[in-house]
Every structure is written in structure tokens, then in C-alpha cells.
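Student: Only the shape, not the letters, is given here:
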């Protein structure tokens, strides 16, 4: 695998390093920016092939594939005066930053690929959306759980908006736990049960022979408890509100 550079060692940067290096016989050379110094130092001490560079230019110079994983609002400061030769491949994982924007910032003709890696990439279980398709980048993410190249940047933005629902799922589970606590259940017991309940649901998602609608139907009994909550809480108004929120996010991302 090619030499990998990561500019921005936040949650996603750390997850990519873990996915590349944990439990493998031979990991690639990984070069980290000094941003997030504590996390970068910890990763360097844990994995033999991971090194912390003096600055972002050194990350670029020592890498074949450069992953830009800084926060959207920090990109100009992080990439100021960074020169990227045309023989590099740049992976843009910044939400809401189009490739044309990044190309102007870097002033490079190097291939630029957008990607949406999620934290589960550390377990190599993340399907990563990419645009445009690029053999080196798609191969990298196939190694980390799967690559899903899309046809254009408009489609990429739709997938990016879908990732904005992730923490809502956790908040939903926290609300269920709080409801149980309010009815006298010990907090630890409620937390343990809700986690177990939805871990089991998560495993059924691996059965791609059944559509999501089919999975929902298979978990319901006519006039039963699941059908009652789905139809009374997740009603047309609730569904429309979610659609409106996603539409608003998609507009902002574009």
C-alpha cells in the first residue's frame, strides 16, 4: 500500500490510522501532521510505521496519498503555503468543501477525491462514499471496509447529508433510556438493555437480501407494539419534518 499522509488528526484521522494499522501483518507508512499533537504522538508510539512530521508540507512531501481531514473552518490556516505536486493524490474528507474549492486553495493539478469515512472505519467496517472514482483511493477504502464511488458531486452531497443523522440516532437511544429511568428503572439497567436491543437490530442490517422496509415488516406483528409506536410517533408529520431538515442540510452542503 502506498505511503499515506494525514493532515488533521481528529476523530476521523485517528480512526483511519487505526483501520490501517490495527491487527495487520504489514501496515503502510503513515505520516501525521503536528496538528492534534497529543493524538499524533499517541498514534506514533502505538504503531511502528506511524510518524509525526514537523509541519504539513513534510506530510505532503513524504506521502503518495494525502488525506486532508481538518475542520472545514480551519482549512485555509492548515493549508496555507502547502505545495502539492501533481504526482500526489489528495483525499478530501472535509464536509461541505467541494473539490473545486480545495483545488483553488492548494493551487494544484493533482487528482482530488472527496470521501466520507465514518468512525467505524477503525474496525474496517465503514463503507466510504467517494467522488470521483479513483483506483488508488477506492482500493484504500476497500481495504478499510468498502468503497462506494458515486457518479457526481450532487450525489456525493446527498450521502454527506445522510451522515448528519448519525448522532440523532444516539440521541434517540438516550431518550429511550431516560424514559425508562423516569419509570423507575435503574439507569445502568436501562442503558444496558437499550444498547443490547439496538446492537441486535444493527446486526440484521448485514442481511442485504432484505430491504429496509422488509426488515421493518419482519420485526412487526399486525396491531402489535412495534407497529403502534411506528405509526403513532413516526407519523407523516414526523417524517416530513425529517425530510425538511435533510433538505435544509443538503442546501447548505451545496
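Tutor: Great, that's in hand. Given the structure is predicted, the values throughout are model-derived calculations rather than measurements. Numbers count the residues shown, from 1 in each chain.

Student: Quick one: the helices in this protein, in order.
Tutor: With DSSP state H, the ranges of helices along the chain come out as 11-21, 37-46, 56-62, 75-79, 99-106, 135-143, 153-163, 166-182, 187-204, 212-218, 225-232, 236-253.

Student: end-to-end on stretch 178-193?
Tutor: Terminal residues of stretch 178-193 are spaced 12 Å apart (CA to CA, to the nearest Å).

Student: That one: which residues count as buried?
Tutor: Buried residues in stretch 178-193, counted by 16 or more other CB atoms under 10 Å: 180, 190, 191. In short, each C-beta sits where N, CA and C put it, glycine included.

Student: With respect to residue 219, which of these is nearest?
Tutor: Proximity of those to residue 219 (CB to CB) peaks at residue 180, which lies at 19.7 Å.

Student: residue contacts, the closest one?
Tutor: Shown in contact with residue 180 (CB atoms under 8 Å, 6 or more residues apart in numbering): 190, 193, 194.

Student: Give the other helices and strands that the lowest-mean-pLDDT helix or strand in the chain contacts.
Tutor: One helix or strand of the chain scores below all others by mean pLDDT, DSSP states H and E: helix 37-46, with a mean of 82. If contacts are counted by 3 or more CB pairs under 8 Å, 6 or more residues apart in numbering; DSSP states H and E, helix 37-46 sits against helix 11-21, strand 30-32, strand 50-52.

Student: and among the ones you listed, the most buried is which?
Tutor: Sort the helices and strands packed on helix 37-46 by mean neighbour count, taking mean count of other CB atoms under 10 Å, and strand 30-32 sits at the top with a mean of 25.

Student: Work out the gap between that one and the centre of the chain.
Tutor: 19 Å (CA atoms, centre = their mean, to the nearest Å).

Student: List the strands paired with that strand, with their directions.
Tutor: strand 4-7 (parallel), strand 50-52 (parallel) (DSSP bridges).

Student: Can you name the residues that contact the residue lying closest to residue 37 once chain neighbours are set aside?
Tutor: Spatial nearest neighbour of residue 37, chain neighbours left out: residue 52 (7.7 Å); criterion: CB to CB, 6 or more residues apart in numbering. Residue 52 sits next to 32, 33, 34, 37, 40, 41, 44 when contact means CB under 8 Å, 6+ apart.
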